[in-house]
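Undergrad: Fold the following and give me the result.
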Amino acid sequence: MKGKWTNEEDDVIRSCVESGNTIWSEIAKLLPGRIGEQIKDRWANKLDPEAKRGAWTQDEMRILIRAQKEVGNKWSEIAKRIPGRSENSVKNRWYNQKTVSLPYLLFDPIIIGDIKITMSSCLFGCSLIVELPKSVHLRSTNLQVRPNITAD
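TA: You can find the predicted model right below:
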């Protein structure tokens, strides 16, 4: 198992994929010291021009949260539902979110007149945020919420 990737190795992988060869173990025979799994990961995580990199959208996070709840840690299955994201990036995003516990909107905000209702979620629970116009004064801020929401 070699260390750092070279430009020449990347060129061999690109050339093989562009010519239709995605049998990673066959490509590995052209790159001494590399195995098929390394080559697959290199393509998916660094070289694939169609792979999305960078910030995740709210929609991608909604899909990730719902899919993980549905299928568990089947990252390849979840990645199929998020176009352009590799299974490794999906897995990394899930565990990164778990570590930092960032909130993400589960649903688009609901707006009723001047009232905006937003539901967000993180791995440790969810919150319901109700934004009222300044002209509305509540006698109590202790509200009871009985959600009757079903996921898609």
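
Undergrad: helix or strand for residue 117, which one?
TA: Using DSSP states H and E, the element containing residue 117 is strand 115-122.

Undergrad: Residue 135 now?
TA: Per DSSP H and E, there is no helix or strand for residue 135.

Undergrad: how far away is it from residue 114?
TA: 8 Å (C-beta to C-beta, to the nearest Å). Quick note: C-beta positions are derived from backbone N, CA and C, even for glycine.

Undergrad: more crowded one of these two?
TA: Neighbours per residue (other C-beta atoms under 10 Å) separate residue 135 from residue 114, with residue 114 holding more: 11 against 6.

Undergrad: number of nearby residues for the residue lying closest to the more buried one once chain neighbours are set aside?
TA: Leaving aside its chain neighbours, residue 114 sits nearest to residue 133 (4.1 Å; criterion: C-beta to C-beta, 6 or more residues apart in numbering). Around residue 133 there are 9 other residues, counting by other C-beta under 10 Å.

Undergrad: helix/strand/coil for residue 133?
TA: Of the three states, residue 133 takes coil according to DSSP: H, G, I helix; E, B strand; the rest coil.

Undergrad: from what I can see it touches residue 116, true?
TA: No: with contact defined as C-beta atoms under 8 Å, residue 133 does not count as touching residue 116 (9.5 Å).

Undergrad: any idea which helix or strand comes after the helix-or-strand element of the chain with minimal mean pLDDT?
TA: Ranked by mean pLDDT, DSSP states H and E, the weakest helix or strand in the chain is strand 104-105, scoring a mean of 54. Next in sequence after strand 104-105, counting helices and strands by DSSP H and E, comes strand 110-112.

Undergrad: Which strand or helix spans the spatially most central residue of the chain?
TA: The residue lying closest to the centre of the chain (C-alpha atoms, centre = their mean) is residue 90, at 4.4 Å. Residue 90 is part of helix 87-100, with elements assigned from DSSP H and E.

Undergrad: And that helix, what's buried?
TA: Within helix 87-100, the residues that count as buried by 16 or more other C-beta atoms under 10 Å are 87, 88, 89, 90, 91, 93, 94, 97.
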